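K.L.:
sharing a sequence plus its predicted fold:
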Amino acid sequence: MKKTYLLDGLCCANCAAKIERGVAAIDGVTEASVSFLTTKLTFTCDDSRADEIIGKAGKIVKKIEPDVDMQEL
Amino acid sequence: MKKRTTRIITGAVIFAAALFVPDNPWWIRLTLFLAAYVAVGYKVIWKAVRGVVNGQVLDENFLMAVASIGAFFVGEYPEAVAVMLFYQIGEMFEDYAVGKSRKSITGLMDIRPDSANLKTETGIVEVSPSEVHPGDLIIVRPGEKVPLDGVVIEGISSLNTSALTGESLPREIGQGDEILSGCVNINGLLTVKVTKAFGESTVSKILDLVENSAAKKAKTENFITRFAAVYTPLVVGAAVILAVLPPLLIDGALWADWIYRALNFLVVSCPCALVISVPLSFFGGIGGASKIGVLVKGSNYLEAISKAEYMVMDKTGTLTQGVFHVEDIFAEDGYEKGEILRYAAMAESYSSHPISQSLQAAYGKEIDKSQINDVEEAAGRGVIAMVEGRRVAAGNRRLMTEEAGYDGPLPQHRGGTQVYVSVDGKYAGRILLADKIKEDSASAIKMLGDLGIKTVMLTGDSREAGEKAATELGIHQVYTGLLPADKVDIVENLLKEKHEKGKVVFVGDGINDAPVLARADIGVAMGGLGSDAAIEAADMVIMDDKPSKLASIIKISKKTMTVVYENIVFALGVKAAVLILSALGIVGLWAAVFADVGVSMIAVLNAMRCLNIKFAVQP
């Protein structure tokens, strides 16, 4: 399943890279990408574990950039 | 944003005051510096604390906080405040520059229509384009964007397609013509019958593609983020060593001095200049390409095409227009050329074959169908019909042999197709139809050659015809007499032959060549405007029909790569220099702040050069 989120308020390029690495490292995520310019997070993950993975991704985002608001697109 | 400006101004004013306060008593001055520091930096410190709580130790805020607090402890009050102040000012400019570039790039793609004028029984209603269904009628007024794909039912106008194709000449449009969303209606009032829902319309597909292009990252981009992940801990580690070892090992070395030098390292250790400028350059390049009507589906493709070694082009539809036209007519004695064309056009008038259509187009007059009787299709050979009371056969050589016992000399092959015509069982003449080479094909091949790229042409034409066309165009290699399936083999062979780092690009019109587009390092589809298949299958899409855009996109990609490398070398160079000079105690925190935010800003500004594409379109 491919998921796309808008990371509203993302304002640091290095944090974008950290979020990308963090989400990519979640078990069950096959591909993750954060574009600092479009402030979008996209990742592909296991359908069966989607909810769990999305929760984890949200936590990673909050941890690295607490001010970012994550909205599903 | 505004809050930050207030913070900066307040901090700067107190800072300036502190600089002018006499040093006696000392605590007044220190209090003022502390006040300035808190005013300008409390947010950074708060973020740093929150980062540490979240386990994010080496983030920018933390490094800046430690560096500035450290400066206070070694007694460098003005510098402590200055680090924070200039860090914030730099961030502000950086945000501004990034925001501005985001806007100018997305502004290029400002083709999203806001509303559609839906024609209903009660009148015209303004609705959102997504509420319009296929089959509905919409009105497009002069100056408006066409919101959905459709067919013109009423009205004539000129369309500005530059947002889609980069082409500045308007396109004429009238009743029965297909109309694409994203174009701008210039002067006429059009009634359009919608054929596709908004999500399926050209404009949505293009926007989708460009917006998602940033997700496919270039190798350089991935390299730099991986590098950044190692760089920061490494420099911070070096800072710790620098602060601790020399005072312990060197006689007479002062703790304050070496800690101050180490603080410089912390400031320089932020990798932002690199991490920001590389993707921004690619994004700019992709934006610039879209400005000339070339859609690039990812930074990785833009990076790859800069290393193009072979440019493999399909002849039909890429280098030629893919439409047959009458090139020459040969009439036997007793016939005019115009007569031969008239007979052929009339005999073929019931056929919808492309050749028949080109004959009609060349004839150019209304055909009186009452003059045509007893039409008989000769399968695979042509057609026989009674035209104005005479038996006319039009078709290939075999039909002519059967119908008129024709055994004339084989015409010298010039590429294209012959239509033979006989009247009352006697050979009367023949028409040579050819696919026309596009206006800019030859100049495109020359520009590609000048860029050091080997051009290869693939065609189903016979050897003579193919080689002749290749020589005319100046193509380096040509493969003739191919069946569609052979194209994959040729591309695979070239993939083996190329240099290790070179890339094989395949260019086709997107029809029936999805396997080759996928197999090549980079698949480019030509004439993507209105062809979903092409947009789907390719890595890059040239929206109009111009092969010269191939040279333009390579120029854009090469410039983008130059900017990327400039930024990497510049940022790393300045950082390395400042690190060395700091370790030696030659430069202070001021230089370190410049190496961080100053360099980021310059790199961002440099990245914006990728948006400028004027150099790429001029031959």
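P.N.:
Thanks, I have the structure now.
K.L.:
which parts of the stretch 151-300 of chain B sit against chain A?
P.N.:
Applying C-beta under 8 Å from any C-beta of the partner chain, one finds that the stretch 151-300 of chain B approaches chain A through B:211-212, B:214-217, B:225, B:228-229, B:270-272, B:275-276, B:279-280, B:283. From N, CA and C alone the C-beta is placed, and that goes for glycine too.
K.L.:
would you show me how to pick out the buried ones of those residues in PyMOL?
P.N.:
The PyMOL command for the buried members of those (criterion: 16 or more other C-beta atoms under 10 Å in any protein chain shown) is given here:
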select buried, chain B and resi 211+212+214+215+216+217+225+228+229+270+271+272+275+276+279+280+283
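K.L.:
among the residues of the stretch 151-300 of chain B next to chain A, which ones are in helices?
P.N.:
Among these, the residues falling in helices (DSSP state H) are B:211-212, B:225, B:228-229, B:272, B:275-276, B:279-280, B:283.
K.L.:
now for the lowest-mean-pLDDT helix or strand in chain B, which elements pack on it?
P.N.:
Confidence across the helices and strands of chain B bottoms out at helix B:532-537, with a mean of 74, counting by mean pLDDT, DSSP states H and E. With contacts defined as 3 or more C-beta pairs under 8 Å, 6 or more residues apart in numbering or on different chains; DSSP states H and E, helix B:532-537 has these neighbours: helix B:202-212, helix B:514-519, strand B:522-526.
K.L.:
buried residues in the second one, which are they?
P.N.:
Using 16+ other C-beta under 10 Å as the burial criterion, the residues of helix B:514-519 that qualify are B:514, B:516-517, B:519.
K.L.:
one more: the first one?
P.N.:
For helix B:202-212, the neighbour count (16+ other C-beta under 10 Å) marks B:202-207, B:209-212 as buried.
K.L.:
just those residues now: which is nearest B:Trp26?
P.N.:
B:Trp26 lies nearest to B:Glu211 out of the buried residues of helix B:202-212, by C-beta to C-beta, at 57.4 Å.
K.L.:
once you drop chain neighbours, what's closest to the closest one?
P.N.:
Distances taken as C-beta to C-beta, 6 or more residues apart in numbering or on different chains place A:Thr38 nearest to B:Glu211, at 6.0 Å, with adjacent residues excluded.
K.L.:
over to B:Ile437?
P.N.:
Excluding the flanking residues, the one nearest B:Ile437 by C-beta to C-beta, 6+ apart is B:Thr320, at 5.3 Å.
K.L.:
the one you found reaches B:Asp435, doesn't it?
P.N.:
Yes. The pair B:Thr320 and B:Asp435 passes the contact test of C-beta atoms under 8 Å, sitting 4.3 Å apart.
K.L.:
which helix runs longest in chain A?
P.N.:
For chain A, the helix with the greatest residue count under DSSP H is helix A:50-64.
K.L.:
ok so, going back, distance between the following helix or strand past the least confident helix or strand of chain B and the chain's centre?
P.N.:
Per DSSP states H and E, the first helix or strand lying C-terminal to helix B:532-537 is strand B:540-542. Here strand B:540-542 is found 7 Å from its chain centre; the criterion is C-alpha atoms, centre = their mean, to the nearest Å.
K.L.:
now for the residue nearest to B:Ile437: which residues touch it?
P.N.:
B:435-438, B:441 (C-beta atoms under 8 Å, 6 or more residues apart in numbering or on different chains).
K.L.:
neighbours around residue 67, how many?
P.N.:
Since no chain was named, I'll use chain A. For A:Asp67, the count of nearby residues is 11 (other C-beta atoms under 10 Å in any protein chain shown).
K.L.:
wrong one, I was asking about chain B
P.N.:
29.
K.L.:
if I look at it, how far off is chain A?
P.N.:
Look at B:Ala67 and chain A: by C-beta to the nearest C-beta, to the nearest Å, they are 16 Å apart.
K.L.:
centre of the chain to the helix or strand hosting that residue, how far?
P.N.:
B:Ala67 is part of helix B:60-73, with elements assigned from DSSP H and E. On the basis of C-alpha atoms, centre = their mean, helix B:60-73 sits 43 Å off its chain's mean C-alpha point.
K.L.:
swap in stretch B:503-514?
P.N.:
16 Å.
K.L.:
over to stretch B:285-292?
P.N.:
What separates the centre of stretch B:285-292 from the centre of its chain is 5 Å, taken as C-alpha atoms, centre = their mean.
K.L.:
pLDDT score assigned to B:Val563?
P.N.:
pLDDT, B:Val563: 95.
K.L.:
that's a strand at it, yeah?
P.N.:
No. Counting by DSSP: H, G, I helix; E, B strand; the rest coil, one finds B:Val563 to be helix, located in no strand.
K.L.:
mind listing what the residue nearest to it when sequence neighbours are not counted touches?
P.N.:
Excluding the flanking residues, the one nearest B:Val563 by C-beta to C-beta, 6+ apart is B:Ser281, at 4.7 Å. Contacts for B:Ser281 (C-beta under 8 Å, 6+ apart) come out as B:560, B:563-564, B:567, B:606-607, B:610.
K.L.:
and what of B:Ala583?
P.N.:
Listed by C-beta under 8 Å, 6+ apart, the contact set of B:Ala583 reads B:242, B:261, B:265.
K.L.:
please redo it, this time with the cut-off set to 10 Å
P.N.:
Contacts for B:Ala583 (C-beta atoms under 10 Å, 6 or more residues apart in numbering or on different chains) come out as B:238-239, B:242, B:246, B:258, B:261-262, B:264-265.
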